[in-house]
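Asker: Here's a sequence, model it:
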Amino acid sequence: MPQHPFAPARIPPPARRAAQGAIAVGAAVRPEDLVAALADRPYPVMTSYLGTTLVAADPIEVVTGPAVWDALDITVRSTTMVPSGAWLGYLGYDLGTRERRAAPPQSAHHHPPVAMLCRYRAIAQIAPGGCCRVLGEGPDARRLAAIADAVVPLPTSPARRRTPPPTASLDARAYAERAAEIIRRIRAGDCSEVNLVQRLSAVWGGDALAFADRLWTAAGPASHRAYFATPEGTLVSASPERLVAVRDAVAVSAPIKGTAALGRGAALVNSAKDRAEHVMIVDLVRNDLGRVARIGGVSVPRLLVPLTTGYVEHLVSEVRAELAAGVRVSEVLGALFPAGSITGCPKLAAMRVIAELEPVPRGPAFGSMVAVGADGGIEASVLIRTAWLHDGWVSYWSGGAVTWDSDPAAEHAEAMVKARPFLEAIGCG
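Answerer: The predicted model follows:
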């Protein structure tokens, strides 16, 4: 897994010899191979944590819905390693909304629980290069270590026949009409920026791991790949964006805003529209982190930095906060969630517009995949480039920020460019 460009200091690579509370795995392990080996276990999960990847299954506790905030009532403390007993899972976008939109009955398969977290007694932590240790003690840890020791590489997914184009919650005309309405509201002073999203849905005859392999291949390296299989469905993400990472009482957020075609990074940096769009979100994140930081503890060490993915260019910045004493994990995540980069600003006004203009819920997409240690360490992504699979269907959400000088047709074109990894994964690229 590639290191995030603004990662806080990495957790030291796992030692080859066993340490207290950890079992070393002899061979190099790829995270996707290990999660595949756990596919038949309850709640297999793969997610990022401070420059490493965590893989687990067989949770000892499962929490869904708004109760996840109670599970995350953990004090942030300074530590040196990921403990066993971490909470892993997702917070869906609608967990942070005040408006609730009913899903049409025929689309029920698209809408999972608003949030789901699992607590795991044994967790495999894999450093870049495949060095692996299992955190935890007892039979659960020994079983996971044995599986990791015996893991074999995933076979390459067979090529799929081309499939019919997916259906969209907003076709090109409807998307452009809603973008134009957002521009009208911005010029009326109702808000400054709104992130508009469409949902693409297609029949998927393969299993979730095969789709994940194809999405990750199409998207290329991504700092926050994730996989989470639940009884309700499976989340797969190839996100390049960090909501927040917390270690040693310092929070780091890395909002992404601004998009251009590959090779157009220099033009993106010099685009007045994209710079303004980006800086508005950086200011929003500064304000969000200020709610949980010590006075004077928020800074922006890096601003408007080019970020190249496998299919588009972006702009990313780093916002850092020295957290106030005694801050809880739920307070840090609650201050930032959902991410300003996928709402707009002012955040609450933008979310009200989103609720009015987007015809279907976002589900887990545009929420966050989180890993939270019992010590209060946090790694949380923004679930862009994210799909949900259930009952033979796969859905994927894509969109972008609409601002004062947006072109409605161009905004739809950008949303479709961001959907390219999904279209390639289902054979429509």
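Asker: I'd guessed residue 369 sits against residue 228; true?
Answerer: Yes: in terms of Cβ atoms under 8 Å, residue 369 counts as a neighbour of residue 228; the distance is 7.1 Å. Every C-beta, even on glycine, is put in place using the N, C-alpha and C of the backbone.
Asker: Between these two, tell me which one has more neighbours.
Answerer: residue 369 (28 against 23; other Cβ atoms under 10 Å).
Asker: the helices in the stretch 51-200 of the chain, which residues?
Answerer: For the stretch 51-200 of the chain, applying DSSP state H, counting those that start in this stretch gives helices covering 68-71, 139-149, 172-187.
Asker: and what of the stretch 201-350 of the chain?
Answerer: Counting by DSSP H, counting those that start in this stretch, the helices of the stretch 201-350 of the chain are 208-219, 265-269, 272-290, 329-336, 347-357.
Asker: Now mean pLDDT, mean neighbour count and distance to residue 312 too, for those helices, in CSV please.
Answerer: Putting these into CSV (pLDDT from 0 to 100; neighbours: other Cβ atoms under 10 Å; distance: least, Cβ to Cβ, whole Å) gives the following:
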stretch, mean pLDDT, mean neighbour count, distance to residue 312
helix 208-219, 96, 21, 10
helix 265-269, 90, 16, 9
helix 272-290, 96, 20, 12
helix 329-336, 97, 22, 24
helix 347-357, 96, 19, 22
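Asker: Nearest approach to residue 168 belongs to which of the ones you listed?
Answerer: helix 347-357 (14.4 Å; Cβ to Cβ).
Asker: which other helices and strands contact the closest one?
Answerer: helix 172-187, strand 193-203, strand 344-345 (3 or more Cβ pairs under 8 Å, 6 or more residues apart in numbering; DSSP states H and E).
Asker: for this structure, which residue is closest to the average position?
Answerer: residue 383 (2.8 Å; Cα atoms, centre = their mean).
Asker: I'd like the distance between it and residue 197.
Answerer: Distance of residue 383 to residue 197, computed by Cβ to Cβ, to the nearest Å: 11 Å.
Asker: which neighbours do the two share?
Answerer: Residues touching both residue 383 and residue 197 by Cβ atoms under 8 Å, 6 or more residues apart in numbering: 365-366.
Asker: For burial, what's the neighbour tally of residue 132?
Answerer: Neighbour number of residue 132 under other Cβ under 10 Å is 28.
Asker: typo on my end, it should be residue 302
Answerer: Residue 302 has 14 nearby residues by other Cβ under 10 Å.
Asker: With residue 254 instead?
Answerer: 26.
Asker: For it, give me its contacts.
Answerer: Applying Cβ under 8 Å, 6+ apart, we find residue 254 in contact with 4-6, 241-242, 316-319.
Asker: partner residues bridging it?
Answerer: For residue 254, the beta-bridge assignment (DSSP bridges) gives partners residue 242.
Asker: Counting by contacts, list what the host helix or strand of residue 401 packs against.
Answerer: Using DSSP states H and E, residue 401 falls within strand 393-402. With contacts taken as 3+ Cβ pairs under 8 Å, 6+ apart, strand 393-402 sits against helix 172-187, strand 193-203, strand 386-390, helix 408-418.
Asker: how about the nearest residue to residue 30 once chain neighbours are set aside, phi and psi?
Answerer: Counting by Cβ to Cβ, 6 or more residues apart in numbering, residue 30 lies nearest to residue 130, which is 6.1 Å off, once chain neighbours are set aside. Backbone geometry at residue 130, expressed as degrees, to the nearest 10, gives phi 100, psi 0.
Asker: Run a quick neighbour tally on residue 130.
Answerer: Neighbour tally, residue 130, other Cβ under 10 Å: 16.
Asker: okay but it is in contact with residue 29, surely?
Answerer: Yes: under the criterion of Cβ under 8 Å, residue 130 makes contact with residue 29 at 5.1 Å.
Asker: what sits opposite residue 203 in the beta ladder?
Answerer: residue 393.
Asker: Per-residue pLDDT of it, please?
Answerer: What the model reports for residue 203 is a pLDDT of 94.
Asker: Also residue 127?
Answerer: 94.
Asker: and if you look at residue 154?
Answerer: Confidence score, pLDDT, at residue 154: 76.
Asker: Show me where the chain dips below the pLDDT cut-off.
Answerer: For the chain, applying pLDDT under 70 flags the ranges 1-4, 7-20, 78-83, 98-111, 156-162, 429.
Asker: hmm, try it at 50
Answerer: Applying pLDDT under 50 to the chain flags the ranges 14-19, 98-109.
Asker: got the buried residues for the strand ranked longest in it?
Answerer: In the chain, with assignment by DSSP state E, the single longest strand is strand 293-308. Neighbour-count burial for strand 293-308, with 16 or more other Cβ atoms under 10 Å as criterion, is recorded at 293, 297-298, 304, 306-307.
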